[in-house]
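next input, structure requested:
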Amino acid sequence: MMVPLLIRVVVSWAVIAIALGVTAELLDDVTIDGGTAGLVWVSALFGLVNAALGPLLRLLSLPLTILTFGLFSLLVNAVLLLITAGISDYLDVGGFWSAVVAAFVVAIIAAVLDALLRVVVPDGHV
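Residues are numbered from 1 along each chain as shown. Just a heads-up that it's a prediction; the model follows:
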């Protein structure tokens with residue numbers, strides 16, 4: 001029972017790592033130092049920050065998220081990305097609006113990768 005959960009966590013971590021890596025390649029204001037090890041560290045840290053602070057920020061911003069039809073959640077993700085950049089020496093984000101664009105790009109790439117994984121593994125084990 002524990003193995004499928006572990007596989008889902010590792011796959012989710014890999015998806016975020018790929019999304020962050022592609023985002024860093026696409027945007028000049030987002031850099032990840034340290035090569036693959038730095039990318040793995042940043043994606044793990046982003047996952048931890050998201051798990052620790054994400055639910056609280058999403059709950060506090062729920063009225064604005066509803067009023068903006070979900071668009072405010074992009075700003076929450078940008079704040080989480082900025083917090084991760086503030087904690088990590090490997091991630092640098094150029095500023096708030098760079099973080100907003102980066103959060104949008106990460107969300108799009110992660111959604112595409114997630115959709116591709118669902119096509120490849122349709123039974124839902126990943």
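
below-threshold pLDDT in this protein: ranges please.
Counting by pLDDT under 70, the chain contains low-confidence ranges at 1-3, 122-126.

the helices in this structure, which residues?
Counting by DSSP state H, one finds helices in the chain at the ranges 2-26, 35-60, 62-67, 72-87, 96-120.

of those, flag the one that's most buried.
Sort these by mean neighbour count, taking mean count of other C-beta atoms under 10 Å, and helix 72-87 sits at the top with a mean of 19. Every C-beta, even on glycine, is put in place using the N, C-alpha and C of the backbone.

what about the residue nearest to S43 when sequence neighbours are not counted, distance to A44?
Spatial nearest neighbour of S43, chain neighbours left out: A17 (3.7 Å); criterion: C-beta to C-beta, 6 or more residues apart in numbering. From A17 over to A44 the distance is 8 Å, taken as C-beta to C-beta, to the nearest Å.

which residue is nearest the middle of this protein?
I16 (5.3 Å; C-alpha atoms, centre = their mean).

thought that residue was touching S43?
Yes - between I16 and S43 there is a contact at 4.7 Å, judged by C-beta atoms under 8 Å.

which ones are touching L20?
By C-beta atoms under 8 Å, 6 or more residues apart in numbering, the residues touching L20 are 32, 39, 42-43, 46, 106.

let me know the closest of the residues you listed to L82.
F46 (10.8 Å; C-beta to C-beta).

now that closest one. Nearest residue, chain neighbours left out?
Nearest non-adjacent residue to F46, counting by C-beta to C-beta, 6+ apart: T84, 4.6 Å away.

would you point out the most distant pair within the contacts of L20?
Farthest pair in the contacts of L20, by C-beta to C-beta: L39 and V106, 12.7 Å.

OK, contacts around the residue nearest to V15 when sequence neighbours are not counted?
Take V15 and drop its neighbours on the chain: the residue closest to it by C-beta to C-beta, 6+ apart is L113, 4.8 Å away. By C-beta under 8 Å, 6+ apart, L113 lies in contact with 15, 18-19.
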